[in-house]
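Q: I'll drop the sequence and a predicted model, then ask my questions.
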Amino acid sequence: MRQSLANEINDLIERGRDRQLRLAVTGLSRSGKTAFLTSLVNQLRHAGLEARLDLLPAAREGRLLGAKRIAQKDLDVPRFPYDEALAALDGTPPRWPEPTRGISELRLAIRYRPARRGLFSNNTRELSLDLFDYPGEWLLDLPLLQHDYLSWSQSQTFAHSPERRALFADWLTAIENLDPAAEADESRLADIAALYAKGLGHAREAGFSNLQPGRFLLPGDLEGAPVLQFFPLPAVAQSDRTVLESLPESSIYQTLVRRYDHYLQRIVKPFYRNHFRHFDRQIVLVDVLGALNAGPERFEDLSRALGTLMQSFAYGQRHLLSRLFSPRIDRLAIAATKADHVTPEQHGNLVTLLEALLAEPLRDLHFADIPVKALSLASIRATQPQSVTQDGRQLPALRGTTLDGEPSLLFPGDVPPQLPDATFWQRQGFAFRAFRPLPRNNGVLPHIRLDTALDWLLGDKLQ
Ligand SMILES: Nc1nc2c(ncn2[C@@H]2O[C@H](COP(=O)(O)OP(=O)(O)OP(=O)(O)O)[C@@H](O)[C@H]2O)c(=O)[nH]1
Ligand SMILES: [Mg+2]
């Protein structure tokens with residue numbers, strides 16, 4: 001206890017001196033968090049030497065001296081597998097880093113020379129940057145903190161989505177005649193929970209994002225534990241709360257309530273308390289192109305998932321969650337990742353589309369007076385832009401190598417500048433394929449605008 005108080009005080013002093021920055025890299029699964037972190041470490045390691053960070057003034061002015069990984073604070077959290085990620089990217093053929101299965105941490109010491117020289121003109125300074133990585137699926141649990149079992153059940157509607165209903169068909173059949181007041185049967189509940197988890201898995205494969213609880217998709221060490229054996233009961237939406245609450249302890253309803261509460265108290269809350277508090281800056285990574293590729297229903301689903309997710313971050317004092325999160329994030333970036341999937345003249349549209357997708361949370365952030373920058377980036381480039389001549393006209397195209405090793409030259413399509421209407425999907429849609437990452441150049445991962453993101457997120461601390 002005393003030790004942790006000492007740590008807290010130490011942290012405060014460090015932050016007071018402007019020497020420590022905690023950056024939350026937030027994004028749903030496959031949004032590009034691990035690629036972003038890997039590239040961030042790689043660029044900062046090579047800053048001042050081989051890295052191309054012209055849009056970061058400290059680098060451009062030759063003041064950024066590089067970065068080094070240092071011992072992290074929480075010794076019981078694994079270290080971010082940077083070397084493994086690089087080994088995959090350096091492989092023959094180059095591979096993308098593996099999807100993340102657990103939490104890992106990273107602390108970087110960034111060394112720089114201040115812009116204004118003081119009395120001791122050659123003094124260098126250090127900024128320590130704390131980062132952590134986690135499976136995107138787990139982030140989806142954040143909105144659960146705003147719900148109790150009943151309101152969560154009520155929020156799980158399937159009525160408006162025939163596609164979702166089809167994906168969850170087995171589970172929906174299993175709960176059709178389930179009486180919440182009936183005596184709970186352990187093995188039956190376990191079977192139904194397994195069907196629910198299977199439905200979530202199908203929905204994820206089909207490209208949906210708004211999937212809860214996240215641990216059902218990636219249980220980690222909780223595989224098979226009863227705490228993961230619950231599911232919503234959409235049928236209770238019309239029921240009276242007091243009637244439900246007076247059901248016996250052994251009823252299905254009360255059993256599910258207990259498990260949900262346990263999940264919230266023992267899994268979700270500690271996860272956020274230990275890892276999502278005390279951030280100074282945040283970058284929200286969004287795979288806009290992936291959602292565009294997947295079709296209209298998934299696109300709306302992503303917008304909803306991000307909306308509820310960002311609402312849960314208490315930037316002000318309005319939320320119940322402000323007790324869990326300190327409202328310290330004073331600057332935020334939102335980024336459309338994998339921008340190298342489209343030709344450069346589409347990047348502007350990608351940003352306005354991202355802003356449209358996040359319109360609701362952006363309004364809240366504006367209200368809370370939090371400065372936000374929207375941008376598109378590629379943490380690790382996989383394509384090269386190239387112009388091709390067709391019918392005497394110069395057209396932009398992309399050259400890359402598909403994951404199967406096929407060289408490919410294509411124009412992936414126009415990105416709509418606003419939320420697309422039905423005609424967009426009918427007329428054109430959008431199609432991109434995954435490409436192999438490009439090899440490192442002089443040890444540095446090729447990127448697009450990672451320096452812009454770094455400048456916004458930590459440039460002022462390097463002055
Ligand atoms: N072309 C391109 N593809 C990228 C880029 N960043 C990520 N990707 C692709 O997106 C996939 C997911 O990226 P990750 O960084 O693993 O995503 P994540 O957010 O860590 O995902 P989880 O660990 O599952 O939560 C990668 O395997 C790549 O195929 C990029 O800058 N350019
Ligand atoms: Mg990851």
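A: Here it is on my side, so go on. Ligands and ions are numbered 1, 2, ... in the order given.
Q: wait, A197 touches R215, no?
A: No - using C-beta atoms under 8 Å, A197 is not in contact with R215; the gap is 9.5 Å. The way it works is simple: take the backbone N, C-alpha and C, and place the C-beta from them, glycine included.
Q: pick out whichever of these two has more residues nearby.
A: Set side by side, A197 and R215 show more neighbours around R215, with 23 against 19, by other C-beta atoms under 10 Å.
Q: residues contacting that one?
A: E137, W138, D141, L222, L228, Y263, I267 (C-beta atoms under 8 Å, 6 or more residues apart in numbering).
Q: most neighbours among those, please name it.
A: Busiest of those [other C-beta under 10 Å] is E137, holding 26 neighbours.
Q: element containing it?
A: helix 136-139 (DSSP states H and E).
Q: now swap in K68 and tell me
A: Using DSSP H and E, K68 sits in strand 64-70.
Q: pull out the buried residues from that strand.
A: Residues L64, L65, G66, A67, R69 are the ones in strand 64-70 that count as buried (16 or more other C-beta atoms under 10 Å).
Q: what's around I370, how many residues?
A: So I370, with other C-beta under 10 Å, has 17 neighbours.
Q: could you do R30 as well?
A: The burial count for R30: 20, using other C-beta under 10 Å.
Q: grab the nearest non-local neighbour of it.
A: D287 (6.2 Å; C-beta to C-beta, 6 or more residues apart in numbering).
Q: again, but for P385
A: Of all residues beyond its chain neighbours, the one nearest P385 is P344 (5.4 Å), with distances taken as C-beta to C-beta, 6+ apart.
Q: ok, the one you found touching L398?
A: No - judged on C-beta under 8 Å, P344 makes no contact with L398 at a distance of 9.4 Å.
Q: so what sits against both of those two?
A: Shared contacts of P344 and L398 (C-beta under 8 Å, 6+ apart): P385.
Q: more neighbours: the two, which one.
A: L398 (22 against 13).
Q: surely G307 touches L362?
A: No - if you go by C-beta under 8 Å, G307 and L362 don't touch, sitting 10.1 Å apart.
Q: nearest residue to A203 other than its sequence neighbours?
A: Using C-beta to C-beta, 6+ apart and skipping residues adjacent in sequence, the residue nearest A203 is L167, 4.8 Å away.
Q: how far does stretch 331-346 stretch from start to finish?
A: Between the opening and closing residues of stretch 331-346 there is a gap of 26 Å (C-alpha to C-alpha, to the nearest Å).
Q: does that stretch come close to ligand 2?
A: No - Stretch 331-346 is not in contact with ligand 2 by C-beta under 5 Å from the ion; minimum separation 11.7 Å.
Q: surely D90 is in contact with P437?
A: No - using C-beta under 8 Å, D90 is not in contact with P437; the gap is 9.6 Å.
Q: ok, these two, which is more surrounded?
A: Neighbours per residue, other C-beta under 10 Å: of D90 and P437, the larger number sits with P437, 26 against 14.
Q: how many residues are close by the nearest residue to V372 once chain neighbours are set aside?
A: Nearest non-adjacent residue to V372, counting by C-beta to C-beta, 6+ apart: L332, 4.8 Å away. Neighbour count of L332, defined by other C-beta under 10 Å: 26.
Q: quick one, phi psi at L332?
A: phi -140, psi 140 (degrees, to the nearest 10).
Q: thought L362 was touching it, still the case?
A: No - L332 lies out of contact with L362 (C-beta under 8 Å); the separation is 9.5 Å.
Q: quickly list what's touching both of the two.
A: Common contacts of L332 and L362 (C-beta under 8 Å, 6+ apart): V372.
Q: helices or strands up against the helix holding E137?
A: Counting contacts by 3 or more C-beta pairs under 8 Å, 6 or more residues apart in numbering; DSSP states H and E, helix 136-139 packs against strand 20-27, helix 214-217.
Q: any chance of those in CSV, plus mean pLDDT and distance to P94?
A: Shown next, in CSV, are the helices and strands packed on helix 136-139 (pLDDT from 0 to 100; distance: least, C-beta to C-beta, whole Å):
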stretch, mean pLDDT, distance to P94
strand 20-27, 90, 22
helix 214-217, 91, 27
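Q: for these, which one sits closest to ligand 2?
A: Closest of the helices and strands packed on helix 136-139 to ligand 2 is strand 20-27, at 8.6 Å (criterion: C-beta to the ion).
Q: now that closest one, how far from the centre of its chain.
A: Relative to its chain's centre, strand 20-27 lies at 11 Å (C-alpha atoms, centre = their mean, to the nearest Å).
Q: for the helix or strand just after it, C-alpha coordinates in PDB please.
A: Where DSSP H and E defines the elements, the next helix or strand beyond strand 20-27 is helix 33-45. What follows is helix 33-45, C-alpha atoms only, in PDB (Å, rounded to 0.1, in the frame of the first residue of the first chain):
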ATOM      1  CA  LYS A  33      -2.800  -1.000 -32.800                       C
ATOM      2  CA  THR A  34       0.100  -3.400 -32.800                       C
ATOM      3  CA  ALA A  35       1.300  -2.100 -36.200                       C
ATOM      4  CA  PHE A  36       1.100   1.400 -34.900                       C
ATOM      5  CA  LEU A  37       3.000   0.700 -31.700                       C
ATOM      6  CA  THR A  38       5.700  -1.300 -33.500                       C
ATOM      7  CA  SER A  39       6.200   1.500 -36.000                       C
ATOM      8  CA  LEU A  40       6.200   4.100 -33.300                       C
ATOM      9  CA  VAL A  41       9.000   2.400 -31.400                       C
ATOM     10  CA  ASN A  42      10.800   1.700 -34.700                       C
ATOM     11  CA  GLN A  43      10.600   5.400 -35.900                       C
ATOM     12  CA  LEU A  44      11.600   6.800 -32.500                       C
ATOM     13  CA  ARG A  45      14.500   4.400 -32.200                       C
END
